[in-house]
Every structure is written in structure tokens, then in C-alpha cells.
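Enquirer: 3D, please:
(2 chains)
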Amino acid sequence: AQKVTQAQTEISVVEKEDVTLDCVYETRDTTYYLFWYKQPPSGELVFLIRRNSFDEQNEISGRYSWNFQKSTSSFNFTITASQVVDSAVYFCALSKNYGGATNKLIFGTGTLLAVQP
Amino acid sequence: DGGITQSPKYLFRKEGQNVTLSCEQNLNHDAMYWYRQDPGQGLRLIYYSQIVNDFQKGDIAEGYSVSREKKESFPLTVTSAQKNPTAFYLCASSNDLTTEAFFGQGTRLTVV
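Expert: Numbering: from 1, shown residues only, chains lettered A, B, ... in the order given. Prediction:
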């Protein structure tokens, strides 16, 4: 069975602190994709990153970075120098591409990040 | 602008009534999805459609129905058989060239 675990329910930091959001996944598939989405208070999910199971390179995008480690089945997300605008719920998700357009996401329960000024 | 439009943003339903949530996309995506979000929980898949006139049940399809008569549209009907319909509903779409799904802004359904 596929499963995504985000053990941190809520995290509170002060602006400019670095923060890491943890994501651990379970799957028996050899080909899969991992995602991070941001859900601001307005409700829509904003896509942040997609990583396929064959690409373990870490990625950096501005203040965001992602650490993918297959050995520990983890896909952690770090925000450097956090800002108030980073306050949101962050979801980690897992999917298997069935060779067509179908792409079903399995979501973790999310981590609520509150950045205090 | 390309995107996914969900309407209405807020919806109130009386017990025993069916209600339909609208989802329209102009991204030319083949696949569309409906997810349900409850407080403190992740999103759960209700239904998905890979192509026009075809759709499949997700993990929590009971009490819901969908149709896919047009590529751009994937409405969700919450029937009276759904025992706990109060939730936040999110529609998404993706195409076969990428695997990331794009989401609408959601509809918050409340049973009164």
C-alpha cells in the first residue's frame, strides 16, 4: 500500500529562521513521483515541486530546497530565512503514473507552518 | 488566463438534497480529479477521469457521482447518500505530458 506520513502537525517559527518539513513515504513501486504543495489560507493548492523516483538530486529554488533520499524514503522540504508569507499548510504527496494521463495523488495530512513576525 | 475554476466558493445544503459542484478547466488537460479535504486531514480522492466519457472511482466515491461530457468540465454531485458531506472540495487536472496536478480554489460545502 502507498502511504505518506507528515509527522509534524504544526510548526511555529520566527521570521528569518530556517525550517524543515519532514515527509516519509511508503510504496512498493519502482517508478513514482513525489510532490510538495502549499495551501495558503485562501484554500487552493499551489504546486511547488515534483521529483521522480530516479532523480535523487537535491533541488534548490530560491529560499526553498528539497532533500530526496530513497534510502530512508524521505523527501524533506526546507525553507531558508522564512517569511510571514510562507505561513500555510504544506502537503507532501506521492503518485504513480499509469502510463497515461491518470495520476492519482496520495497526500500526507499536511504540516501547518506559522511564521511569526 | 489558463486555470481551473470551481463554483460556487461556498455552498449550503439541506439534509436530503443533492447538490452539484462545478469544475471547469481551460488548460486542455485530459485528466481531471475531485478531492475531499476534512479538517486536519490530507486530501482524499473521490473520482477521477482520464478522458471524456470515462471516469473511475477513487478511495471515497460512495455518495458521490460525476460526469465527463466535455473535456473542460467535470462536475461533482454530492447525493443524499453521502452521510458526512460537510467538507472542502478541490478539483484538479493534469495532462499526459506532466504529472503535476493543478488545483482550483475549492468549494466549501456545509450541510445545514
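Enquirer: which ones are touching the closest residue in space to A:Phe107 that isn't next to it in sequence?
Expert: Distance criterion Cβ to Cβ, 6 or more residues apart in numbering or on different chains; nearest residue to A:Phe107, sequence neighbours excluded, is B:Gly42 at 3.5 Å. No exception for glycine: its C-beta is placed from N, CA and C like everyone else's. B:Gly42 makes contacts with A:Val4, A:Phe91, A:Phe107, A:Gly108, A:Thr109, A:Gly110, as judged by Cβ atoms under 8 Å, 6 or more residues apart in numbering or on different chains.
Enquirer: Next step: these restricted to helices.
Expert: Nothing among those maps onto helices, per DSSP state H.
Enquirer: which among the residues you listed gets closest to chain B?
Expert: A:Phe107 (3.5 Å; Cβ to the nearest Cβ).
Enquirer: got the contact list for whichever strand in chain A runs longest?
Expert: In chain A, taking DSSP state E as the definition, the longest strand is strand A:88-97. Contacts to strand A:88-97, defined as Cβ under 8 Å, 6+ apart, come from residues A:2-4, A:6, A:21, A:23, A:25, A:27, A:29, A:31-41, A:45, A:75, A:77, A:103-108, A:110-113, B:42-43, B:99.
Enquirer: switch to 7 Å and redo it
Expert: Strand A:88-97 has contacts (Cβ atoms under 7 Å, 6 or more residues apart in numbering or on different chains) with A:2, A:4, A:6, A:21, A:23, A:25, A:27, A:29, A:32-40, A:75, A:77, A:103-108, A:110-113, B:42, B:99.
Enquirer: do stretch A:18-28 as well
Expert: With Cβ under 7 Å, 6+ apart as the criterion, stretch A:18-28 contacts A:2-8, A:11, A:13, A:34, A:73-82, A:90, A:92, A:94, A:108, A:111, A:113.
Enquirer: repeat that with 8 Å
Expert: A:1-8, A:11, A:13, A:34, A:36, A:72-82, A:90, A:92, A:94, A:96, A:108, A:111, A:113, A:115.
Enquirer: Likewise for stretch B:66-83?
Expert: Against stretch B:66-83 from outside (Cβ under 8 Å, 6+ apart): B:13, B:15-26, B:28-30, B:32-34, B:46-47, B:49, B:51-55, B:62-65, B:85, B:89, B:91, B:93, B:109.
Enquirer: ends of it, how far apart?
Expert: One end of stretch B:66-83 sits 17 Å from the other (Cα to Cα, to the nearest Å).
Enquirer: re earlier: from the contacts of strand A:88-97, list the buried ones, please.
Expert: A:4, A:6, A:21, A:23, A:25, A:27, A:32-39, A:75, A:77, A:103-108, A:110-111, A:113, B:42, B:99 (16 or more other Cβ atoms under 10 Å in any protein chain shown).
Enquirer: relative to strand A:88-97, how tilted is the lowest-mean-pLDDT helix or strand in chain A?
Expert: For chain A, using mean pLDDT, DSSP states H and E, the weakest element among its helices and strands is strand A:103-107, scoring a mean of 84. Orientation check (axes from the mean of the first three to the mean of the last three Cα atoms, to 10 degrees): strand A:103-107 against strand A:88-97 gives 140 degrees.
Enquirer: how close does the closest residue to B:Val112 other than its chain neighbours sit to B:Ile46?
Expert: In space, and not counting its chain neighbours, B:Val112 is closest to B:Phe12: 5.2 Å by Cβ to Cβ, 6+ apart. Computed as Cβ to Cβ, to the nearest Å, the B:Phe12 to B:Ile46 distance reads 20 Å.
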